Every structure is written in C-alpha cells, then in structure tokens.
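Asker: Can you look at this prediction? I've put the sequence above it.
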Amino acid sequence: MFSGLVSTVGTVRGLRRQGSGAALDVECALGGEPLGIGESVAVSGACLTVARVVPRGFAADVSPETLARTTLGRTAPGARVNLERAMRLSDRLGGHLVLGHVDATVRVLAVRPAGDFTVVRLALPPAQAKEVAEKGSVAVDGVSLTVAALGADWFEVAAIPVTLSATTLGERRRGDEVNLETDVLAKYVRRVVGGGGAGLEALWAGFNDAAD
C-alpha cells in the first residue's frame, strides 16, 4: 500500500518482453534502507515487486495484466517514472490510501496555468465515473491529487509547484496518456450500493439521519 507521495523520479533503462509479460529495469536513487528483493515499489502508480537489485536501480517483472492496464508496456528507455516505496504501518499518511492497482489509462485533455498552480484536465472513462467525486482523491501516475472540478467525462486536478517539480506531472502535455487509480473507498461504496445512483443517495440520507 502507498500514500501517493512520490519519493523520487527514476529513469527507465529498458523494457524486455518475456513471454506474455516483461522485465522492467529502472535506474533510481531511493532514500532509506537499501531495496530488497520482494519489496513493493509503485512505478508511475503501478505496484511492482523488486525481482533484482542492481547498482543504482532495480528490475521488476511486469505481468500481462499490468502491461494491458497501464502505460508501462509502452515505456521507452529514457522515460522518467514516479517511484514510491511501500508504506510502513507507522508512516504518516500524507496523501491517501493508494493500492498501486491502476484502473485505466486516460488522456490529458488540457494543461493550463492558474497562478502558481497548474490545472490538468483528464478524460474520465465511464467505468470509473462513479468512483470519482469533486474534492475526492485520485492517483495520477502514482501522485495523490484532489479532484478540483468534475464533468460527465472529464475531471481536473490542480497541481502545486512542489508536485510539478518533484514528479513527472510537470512534464505532461495535452494528448499524453497517464495511469489512473480511483479511491479504494469509492470502489467499496460503489460495490455495496450496487453501482451508485439512488443507492448512493439513500446511503447519504442514512448518514444524515444518523447525524440528526
């Protein structure tokens, strides 16, 4: 499990196809204790297991599911990726609970400055639309962000300068593809109420009744 607070940005050394999967080599300088085989690292939002530790980096196996659901299968050598080591139970949760299970890849629709911030508009697939709420949390390429605005088929996030400089989000341009993970709590609520709609309204009404 992760928090969506990127530790550092690494560089892809190579992606080698192995049967239906692949092996990803990443050059990085992650802080803290040395990486260990079997450790989980979020690579641009996708949870991968360290298969081999090498000088100044690591290698991880990428499953067919991850290749199909994320941008990693189209990553070229030299590409920069956001990296985060798995949380400890004693860590502060500065972002939100991120599983590293990417739901979909989405397109950047627009990027515009807003004072010291940058507003990024992203496409919202129908399958994930009921799991995204205004002022709720999403992970974009592994970065924990707050939904600032929401439409029927899009949502916007406002990135602060430190996020733009410390992650690959500042490099994103219109037409780029990024990894999206919706809030795990929204997934469970949607499952419980049967997909939203009247069920969500009834659930909210129940909360209000309990508070009165």
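Answerer: The structure has been received and is ready for your questions.

Asker: wait, Ser44 sits on Gly73?
Answerer: No. Counting by CB atoms under 8 Å, Ser44 sits too far from Gly73 to count as a contact (11.7 Å). For the C-beta atoms, the positions are set from N, CA and C on the backbone; glycine is no exception.

Asker: quick one: which of the two has more around it?
Answerer: Relative neighbour count places Ser44 above the other of Ser44 and Gly73, with 29 against 17, counting by other CB atoms under 10 Å.

Asker: The more buried one: what's it in contact with?
Answerer: By CB atoms under 8 Å, 6 or more residues apart in numbering, the contact set of Ser44 is 70-72, 81-82, 141-142, 168, 178-179.

Asker: Out of the residues you listed, which sit inside strands?
Answerer: Members of the contacts of Ser44 lying in strands (criterion: DSSP state E): 81-82, 178-179.

Asker: coming back round to it: relative to Ala51, which of the contacts of Ser44 is nearest.
Answerer: Ranking those by separation from Ala51, with CB to CB as the measure, puts Leu72 on top at 14.4 Å.

Asker: ok, the closest one - how many residues close by?
Answerer: Using other CB under 10 Å, Leu72 has 25 other residues around it.

Asker: tell me the contacts of it?
Answerer: Leu72 makes contact with 15, 22, 24, 43-44, 46, 62, 66 under the criterion CB under 8 Å, 6+ apart.

Asker: List the ones among those residues that fall in helices.
Answerer: Mapping the contacts of Leu72 onto helices (DSSP state H) picks out Thr66.

Asker: Please, where are all the strands along this protein?
Answerer: 8-18, 21-27, 40-43, 46-54, 57-62, 80-85, 104-114, 117-123, 137-140, 143-150, 154-159, 177-182.

Asker: Columns distance to Val192, mean pLDDT and mean neighbour count on top of these, output as CSV?
Answerer: Formatted as CSV, the entries for those read as follows, by distance: least, CB to CB, whole Å; pLDDT from 0 to 100; neighbours: other CB atoms under 10 Å:
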stretch, distance to Val192, mean pLDDT, mean neighbour count
strand 8-18, 37, 95, 16
strand 21-27, 34, 96, 19
strand 40-43, 27, 97, 24
strand 46-54, 24, 96, 17
strand 57-62, 32, 96, 20
strand 80-85, 29, 97, 22
strand 104-114, 22, 96, 15
strand 117-123, 26, 97, 19
strand 137-140, 19, 97, 27
strand 143-150, 21, 97, 19
strand 154-159, 23, 97, 20
strand 177-182, 15, 98, 24
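
Asker: As TSV, these with distance to Leu93 would be great.
Answerer: Conversion of the strands of the chain to TSV gives the following (distance: least, CB to CB, whole Å):
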stretch	distance to Leu93
strand 8-18	19
strand 21-27	25
strand 40-43	15
strand 46-54	17
strand 57-62	25
strand 80-85	13
strand 104-114	24
strand 117-123	23
strand 137-140	11
strand 143-150	10
strand 154-159	19
strand 177-182	16
